[in-house]
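> any chance you could fold what I've pasted below:
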Amino acid sequence: MRSVQIPLTVTLPEDVVGLLRTKAGRLGVSMAQLVKKLIMSEVKQEKYPTFKASKATIRATKKAMKDYEAGKAVFASDFFRQLNNES
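Numbers count the residues shown, from 1 in each chain. Have a look, this model is predicted:
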């Protein structure tokens, strides 16, 4: 599975950078590759958080679905265009 790569900037103390540079050199990889590997090994067991919807959210969702099925749904772009025209 391929995912979108997001750039990340990290500021580290000079001595830590020296240690990373040494280890990366010993392993024959770039510091970026080493840091990515360290982060991935640290978080690979984490579960993506999930949350249970509140009763109010469930009610609102059911109402929205009924409105959608009844043809009451509008495109967001139309809604915002109309909203802008009213102001």
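
> now the strands for this structure?
Taking DSSP state E as the test, none of the chain falls into strands.

> show me the domain layout of it.
According to automatic domain parsing, the chain comprises the domains 1-48, 55-86.

> now these in CSV, with mean pLDDT?
Output for those, formatted as CSV (pLDDT from 0 to 100):
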stretch, mean pLDDT
domain 1-48, 92
domain 55-86, 87
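
> mean neighbour count added to the ones you listed, as JSON lines?
The way it works is simple: take the backbone N, C-alpha and C, and place the C-beta from them, glycine included. Putting these into JSON lines (neighbours: other Cβ atoms under 10 Å) gives the following:
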{"stretch": "domain 1-48", "mean neighbour count": "10"}
{"stretch": "domain 55-86", "mean neighbour count": "10"}
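
> roughly how far apart are Ser77 and Leu83?
Going from Ser77 to Leu83 by Cβ to Cβ, to the nearest Å gives 11 Å.

> ok, Ser41 next?
48 Å.

> same check on Thr50?
Separation of Thr50 from Leu83 (Cβ to Cβ): 33 Å.

> can you check Leu8 too?
From Leu8 to Leu83 the distance is 37 Å (Cβ to Cβ).

> Leu19 now?
With distances taken as Cβ to Cβ, Leu19 is found 55 Å from Leu83.

> what does Asp67 give?
The gap separating Asp67 from Leu83 is 18 Å, by Cβ to Cβ.

> tell me where the protein has helices.
14-27, 31-43, 55-69, 76-86 (DSSP state H).

> and the ones you listed: which comes nearest Val4?
Val4 lies closest, by Cβ to Cβ, to one member of the helices of the chain: helix 31-43, at 14.3 Å.

> relative to the whole chain's centre, how far out is that closest one?
Computed by Cα atoms, centre = their mean, to the nearest Å, the chain-centroid distance of helix 31-43 equals 18 Å.
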